[in-house]
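Peer 1: Give me a 3D structure for the following:
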Amino acid sequence: MILTDFMDSAHARLETLFNQYLTKSPSPAKTLQEALAYSTLNGGKRIRPLLVYLTGKTFDAAWENLDVPACAIEFIHVYSLIHDDLPAMDNSDLRRGKASCHKKFNEAIAILAGDALQPLAFEIIAEHPAALSPAQRLRMIKILSEMSGLKGMAAGQMLDMEGTHTLDALTKMYGLKTGALLKASVQLGAIAANISDENILDSLQIFAENLGLAFQIQDDLLDVECETHLTGKPTGNDKTNQKTTYPSLLGVQKSRQHVEKLFSSAIHSLDFLGEKNKLLRDFALLLMQRKK
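Peer 2: I've put the predicted structure just below:
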């Protein structure tokens, strides 16, 4: 399947799932439900769920089995964006070209929206009527909770707030804040396909780690070089907030070269798949060319 057709199919499935869980399921708190739907249904690149689908289909997993982790990981990601935009964190007024959740509603509702999306992600894994075994669901819950919590994304957020001033510390923080959920994405896709071969899982991890770091350095570069109407969020925030970034440490040119090297390493890590690497490889190449 051509990548664009694959992505269209995946996006359509995601939108159906998001509407099912966020607009059609009754809730006693209507405003909270509106905040969840507003933050989740307002577009975005959907990179994490796409990686779930791409990885799973590489190993011939059923679409229905991939819907579960794809939807769950996007809910975790959206919760992190809602909280990341709060005044106590990055204090960002825009997200995906629209007012951030706390600007559209208020801070308390934004906090609760993030709080509600987290358990909803695990509820989907536990209860969605897909042909997943209890063992698969348990592995998914373990990976997603680990990669979003104290050993993953939340730890990365904490390190980001504390401030990083060396390249090694910055790389570690990016590996947790951004890379953890990307690693979880490929793992979840592999679990849905019943992959247990450690060599395959290790290669997928290398792919995700390189892709995640490249993606985050790209964000650093976009914050320096792009305009708000292209990125959908305020640019120049890193400089305003006096954050250490790859461009601030290495300069723009060396940062761009490092991104290209990381993408190349990510793609080469898939060589073991032969012709079956096409979807993941083409997706990495697409991300390499992104402008927002």
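
Peer 1: Report the separation between the closest residue in space to Asn277 that isn't next to it in sequence and Leu182.
Peer 2: Counting by CB to CB, 6 or more residues apart in numbering, the nearest residue to Asn277 once its immediate chain neighbours are dropped is Leu270, at 3.9 Å. Every residue, glycine included, has its C-beta placed from N, CA and C. The span separating Leu270 from Leu182 equals 14 Å under the rule CB to CB, to the nearest Å.

Peer 1: Now do the contacts for the residue nearest to Asn277.
Peer 2: Under the criterion of CB atoms under 8 Å, 6 or more residues apart in numbering, the contact list for Leu270 reads 203, 207, 277, 280-281.

Peer 1: Among those residues, which one sits closest to Asn42?
Peer 2: Ranking the contacts of Leu270 by separation from Asn42, with CB to CB as the measure, puts Leu280 on top at 26.7 Å.

Peer 1: pLDDT at the closest one, what is it?
Peer 2: As summarised for this prediction, Leu280 has a pLDDT of 96.

Peer 1: So it sits against Gly56, correct?
Peer 2: No. No contact is recorded between Leu280 and Gly56 when judged using CB atoms under 8 Å, the distance being 10.8 Å.

Peer 1: How many residues are close by Ala155?
Peer 2: Residues contacting Ala155 under the criterion other CB atoms under 10 Å number 18.

Peer 1: which SSE is it in?
Peer 2: Counting by DSSP states H and E, the secondary-structure element that holds Ala155 is helix 153-162.

Peer 1: Compute the mean per-residue pLDDT across the helix or strand containing Leu51, please.
Peer 2: With elements taken from DSSP H and E, the one containing Leu51 is helix 47-58. Confidence over helix 47-58 (mean pLDDT, whole number) is 97.

Peer 1: Beyond that helix, next helix or strand please.
Peer 2: The C-terminal neighbour of helix 47-58 among helices and strands, as given by DSSP H and E, is helix 63-84.

Peer 1: Which element is encountered next along the chain beyond that following helix?
Peer 2: Defined by DSSP H and E, the subsequent element after helix 63-84 is strand 94-95.

Peer 1: Give the partner strands of that next one in its sheet and their orientations.
Peer 2: Here the strand partners of strand 94-95, with direction, are listed using DSSP bridges: strand 98-99 (antiparallel).

Peer 1: for the record, mean pLDDT for the partner strand?
Peer 2: Averaged over strand 98-99, pLDDT sits at 94.

Peer 1: next one: it to chain centre, how far?
Peer 2: Strand 98-99 has its average C-alpha position 19 Å from the chain's average C-alpha position, going by CA atoms, centre = their mean, to the nearest Å.

Peer 1: Next secondary structure element downstream of it?
Peer 2: helix 101-104.

Peer 1: for that next one, packing partners?
Peer 2: Taking 3 or more CB pairs under 8 Å, 6 or more residues apart in numbering; DSSP states H and E as the contact definition, the neighbouring helices and strands of helix 101-104 are helix 30-40, helix 107-127.

Peer 1: Show me the contact partners of the very next helix or strand once past the last one.
Peer 2: Proceeding C-terminally, helix 107-127 gives way to helix 134-148 as the next helix or strand, assigned by DSSP H and E. Applying CB under 8 Å, 6+ apart, the external contacts of helix 134-148 come out as 68-69, 72-73, 76, 80, 118, 121-122, 125-126, 132, 152-154, 180-181, 183-184, 187-188, 191-192, 194.

Peer 1: Restricted to buried residues, select those residues in ChimeraX.
Peer 2: In ChimeraX, selecting the buried portion of the contacts of helix 134-148, with burial taken from 16 or more other CB atoms under 10 Å, looks like this:
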select :68,69,72,73,76,80,118,121,122,125,132,152,153,154,180,181,183,184,187,188,191,192
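
Peer 1: what's the angle between the longest helix seen in the chain and helix 153-162?
Peer 2: For the chain, the longest helix by residue count, based on DSSP state H, is helix 198-225. With axes from the mean of the first three to the mean of the last three CA atoms, to 10 degrees as the basis, helix 198-225 and helix 153-162 are set at 30 degrees to each other.

Peer 1: on contacts alone, who are the packing partners of helix 198-225?
Peer 2: Helix 198-225 makes packing contacts with helix 47-58, helix 167-177, helix 179-192, helix 228-231, helix 237-240, helix 246-250, helix 252-268, helix 278-288 when contacts are defined by 3+ CB pairs under 8 Å, 6+ apart.

Peer 1: rerun that using 7 Å as the cut-off
Peer 2: Applying 3 or more CB pairs under 7 Å, 6 or more residues apart in numbering; DSSP states H and E, one finds that helix 198-225 contacts helix 167-177, helix 179-192, helix 237-240, helix 246-250, helix 252-268, helix 278-288.
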